[in-house]
Structures are given as C-alpha cells and as structure tokens.
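# Predicted model and sequence below, questions to follow.
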Amino acid sequence: MAQATYADDLAFCQKHAQLIELTNGAARVVVAPDWQGRVMTSSLAGADGASFGWVHRAFIDAGQTGTAFDNYGGEDRFWLGPEAGQFGLWFAPGEPFDLDHWTTPDGFNTGAFAVDAQDAASVALSRRFSVTNAGGTSFDCSVWRTIELIGADRASTLLGVDVPDGVSMVGFASINQLGNAGEKPWTREAGLLSVWILGQFKPLANGKVIVPFVAGDEATLGTKVTTDYFGELPPERCHVGEYCVLFTVDGQHRSKIGISPARAKDVLGSYDPDGKVLTIVQFSLPAGAAELPYVNSLWEQQDEPFAGDAVNSYNDGPPEPGAAPLGPFYEIETSSPAAELAPGESITHTHRTFHFAGKRDALDALSRALLGASLADIV
C-alpha cells in the first residue's frame, strides 16, 4: 500500500474530529483539540506531500474512547510522567507493573482541550484535570499548550545551523505549561509529576533513531543509555558509540531506550533513508539538568524514583509472541524535570519537531552538525 499523503491523513481525520490546520506556504501542521490537543501530522510539501505523523486509522475508525490507551497517533502528544514505579500514574496502588494493569489517566487520555486562541500559524489550548499516582496522592493540574509553526529562518536560529539551500522543511513547537491548581504543594515525599511529550512516527524499515549524549567516564556520568525497560535489548538493535546511540525503530521488537539528564543533550532525531527525511527534535533542557530530579518510569518498585531520563525513544512491537503490537510505530520522547510546585506555580517544557528533505549530502551535513552522526553510519 502506498504511503498516505498529508491530504489523505487530513481528510481521514476530518471525518472523525474537529481539526485546526496551521499553514505557512508549503509547510502544514494539523492539530486535533478533540484528541487532547495532539499534533496529528505535518507536511513540508503541501497537501500532496508526505504525511510525517503516524495516524492510527483502525483505532479512530472504531470510535472507541476510555480504553487503556486511546491511541489516535500523532507526532506530538501531551502526557505526564512518571509512568510506573511507586509514584507511577498508569498503575493503581498495589497493582503489578504489567500491560494487563497499565491504564492511561483519563485527564490526558480522553476528551478535548479547549481552544483559547488561534491564528494562521499557532493555536493555544488548555485543560484542567486531576491524576492520582500509585502511592495514592492526587494532583489537581492546569495545562496550557501552544502549538506554533517554525519557519526556516527561526529554525536556523534555534538550532544554531543554517538550513542548506535546496532543503525543504516543516517545523513546529509545542510549549507546554503544567500548573499546580490545588491547595497543597507537590512534594518528593508524595511523588512528583513531569511534562512528557511523545511523538509517534511510522516505523523505519532501514532507518534509525539517533541520540547524541555527553561523552565521559561512566563512573562520573553514569550509564550512557538505559536499554532494559522491557527486558534485555539485543545489541544489534542498539549500537552505543562514544558520542551517540543508534536505535532500531522498525516496529518489530518492543523496546525502549533512555538517556539521563547527566548525559542528555537538547537534541535528538531520526533518519529515514527510504523517504530521504531527517527528523530533528529539540527540547528545553535546563542548565544544570544533571542536578535536577527527573521522574523514573521504569516498570518496577524503584530505589531512585527521581533518577529518571530526560530523553527516550520507544520502538513498538508485539508485547509477547503472537500478540498484536499497539501500532506499530516508533516514538521520540522528551521530559521536563520533576515539578516540585507550590499552589499556583507552574513549569514549562518546550518540544520542537523539524522534518528536513533534500539531497543526502545536505542532510548529512545537518546530521553531523546537530547529532554528531554521519548518515553513512545509519545506512
């Protein structure tokens, strides 16, 4: 089956939800307030261009809601962490950390985000809800989320590199603010929340996710990459070099990697050699992140619940032999530090997504400059 165009995915989603389309020339981005304010997909070549987001048509056609994971797809969705552990949000108190007991909190799984403002290139959304962690602590949350297009000139400024001549691009940012809307402070003793942004993309048969990290001694900086979220990861699926990790994201093997805030850089990405597209994700990594608490989402009772990751990537696949995958898809994920907030305080996390298409030499130059990896290493 031929890959869906942007127009195909837009027309399909319009049958099921109210959408907001942001446009700037050939750059297009689709936002779905009805589906928790997700960015569903984007294009750098207008209506007939490739559709970059993974759209879960079977789930959307079925018209379900309130499932363990209302998986509409989308290349930027809002979640809160942590997923698991004694302060996890996906598991009720006393339940085992397995897929049978895994349930996404309603506040960011079902229902719409309100549209507060919009123009041709941006939309502002909001919602209030409560969540309860596995320790029984409840959090009253206010969320404000702005999606905005990023043009080539601003992309060059933000990324610190010029977009080469002949390279087409689409870029957008989600600016996500989480506030304590309750009457009690959020404390480490009872568990904390973090902003967790996840982008879902079509599996890459021949491509890789590329995650650069801070080089250095493990005795000083800790493990380069965590690979055992869902059991041991075969080494042929995750090559850990001196400066970056190459992660297979073919939708065939359920697995996940993570980079700690001591190792993380503020950029990561993926390369699709078949579509000739370089995807770059940049996010707000605070100065001194290594000293800040980051929630831990490992599926276990944790010794260090605030020693989690700043960056993750997930490759979907069957959770057990003979079982169906969730998609398949792959994800690029970024997180804020843990939000230790007094009533009325808030934290903001920005997550930017860029897709670049053009000649391989030009994309290779971008990959080397931003990710420290040659596309030849990936292919």
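Nice, thanks for sending it over. The shown structure was predicted, so the numbers you read here are calculated from the model rather than taken from an experiment. Numbering: from 1, shown residues only.

# For the stretch 51-200 of the chain, which segments are assigned as strands?
Under the criterion DSSP state E, counting those that start in this stretch, the stretch 51-200 of the chain carries strands at the ranges 77-81, 114-119, 122-132, 138-150, 168-180, 194-201.

# got the angle between the first one and strand 138-150?
Going by axes from the mean of the first three to the mean of the last three CA atoms, to 10 degrees, strand 77-81 is angled at 150 degrees with respect to strand 138-150.

# just the third one next, same as before
Here the directions of strand 122-132 and strand 138-150 differ by 160 degrees (the same axes, to 10 degrees).

# what's strand 122-132 packed up against?
When contacts are defined as 3 or more CB pairs under 8 Å, 6 or more residues apart in numbering; DSSP states H and E, strand 122-132 packs onto strand 20-24, strand 114-119, strand 138-150. Every residue, glycine included, has its C-beta placed from N, CA and C.

# Nearest approach to Gly207 belongs to which of the strands of the stretch 51-200 of the chain?
When the strands of the stretch 51-200 of the chain are compared for distance to Gly207 using CB to CB, the nearest one is strand 194-201, at 9.7 Å.

# hang on, the earlier thing: with mean pLDDT added, can I get the helices and strands packed on strand 122-132 in TSV?
Converted to TSV, the helices and strands packed on strand 122-132 look like this (pLDDT from 0 to 100):
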stretch	mean pLDDT
strand 20-24	97
strand 114-119	98
strand 138-150	98
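
# Give me the distance between Gly207 and Ala32.
Distance of Gly207 to Ala32, given as CB to CB, to the nearest Å: 26 Å.

# if we can go back for a sec, can you put the strands of the stretch 51-200 of the chain in a markdown table and add distance to Arg368 and mean neighbour count?
Shown next, in a markdown table, are these (distance: least, CB to CB, whole Å; neighbours: other CB atoms under 10 Å):
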| stretch | distance to Arg368 | mean neighbour count |
| --- | --- | --- |
| strand 77-81 | 30 | 25 |
| strand 114-119 | 36 | 12 |
| strand 122-132 | 32 | 17 |
| strand 138-150 | 21 | 20 |
| strand 168-180 | 17 | 23 |
| strand 194-201 | 22 | 25 |
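
# Let me have these in CSV, extended by distance to Ala323.
Output for the strands of the stretch 51-200 of the chain, formatted as CSV (distance: least, CB to CB, whole Å):
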stretch, distance to Ala323
strand 77-81, 23
strand 114-119, 37
strand 122-132, 28
strand 138-150, 33
strand 168-180, 32
strand 194-201, 19
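
# For Ala11, which of those strands is the nearest?
Nearest to Ala11, of all the strands of the stretch 51-200 of the chain, is strand 168-180, at 18.6 Å by CB to CB.

# Strand 20-24 and that closest one, what's the angle between them?
130 degrees.

# Strand 168-180 - contacts with which helices or strands?
Short answer (3+ CB pairs under 8 Å, 6+ apart): strand 168-180 packs on strand 27-32, strand 38-43, strand 77-81, strand 138-150, helix 152-159, strand 194-201, strand 346-357.

# The closest residue to Asn206 other than its chain neighbours and Gln3, how far apart?
Nearest residue to Asn206, sequence neighbours excluded (CB to CB, 6 or more residues apart in numbering): Pro273, at 5.2 Å. Pro273 sits 15 Å away from Gln3, going by CB to CB.

# who's more crowded, these two?
Taking neighbours as other CB atoms under 10 Å, Pro273 and Gln3 compare with Pro273 leading, 17 against 11.

# Enumerate every residue touching the more buried one.
Applying CB atoms under 8 Å, 6 or more residues apart in numbering to Pro273 gives the contacts 206-207, 375, 378-379.

# what does Val29 give?
Taking CB under 8 Å, 6+ apart, we find Val29 in contact with 21-23, 39, 41-42, 147, 149, 170, 172.

# List just the nearest of those to Asp228.
Val39 (30.3 Å).

# Leaving aside the residues adjacent along the chain, what's closest to the closest one?
Asp76 (3.9 Å).

# Against Gly258, how distant is Ser367?
Separation of Ser367 from Gly258 (CB to CB) stands at 22 Å.

# what about those two, which has more around it?
Each of Ser367 and Gly258 has its neighbours counted (other CB under 10 Å); Gly258 has more, 26 against 23.

# measure that one to Val225 for me?
Remark: distance between Gly258 and Val225 (CB to CB) = 7 Å.

# again with His101
Per CB to CB, His101 is found 27 Å from Val225.

# Between those two, which has more neighbouring residues?
Val225 (20 against 13).

# my read: the more buried one touches Val214, true?
No. With contacts counted by CB atoms under 8 Å, Val225 stays clear of Val214, the gap being 11.6 Å.

# what residues are shared contacts of these two?
Arg263.

# other SSEs contacting the helix or strand bottoming out on mean pLDDT in the chain?
In the chain, no helix or strand scores lower on mean pLDDT, DSSP states H and E than helix 375-378, which sits at a mean of 88. Applying 3+ CB pairs under 8 Å, 6+ apart, we find helix 375-378 packed against helix 360-371.

# Next, the buried residues of the helix it packs on.
If you call a residue buried by 16 or more other CB atoms under 10 Å, then helix 360-371 has these buried ones: 362-367, 370-371.

# Next, the angle strand 346-357 makes with that helix.
Put simply, helix 360-371 runs at 160 degrees to strand 346-357, going by the same axes, to 10 degrees.

# Give the rounded mean pLDDT of helix 360-371.
Per-residue pLDDT values across helix 360-371 average out to 97.

# Show me how far stretch 218-229 is from its chain's centre.
Mean C-alpha position of stretch 218-229 versus that of the full chain (CA atoms, centre = their mean, to the nearest Å) differs by 21 Å.

# Check stretch 310-320 too.
With CA atoms, centre = their mean, you get 11 Å for stretch 310-320.
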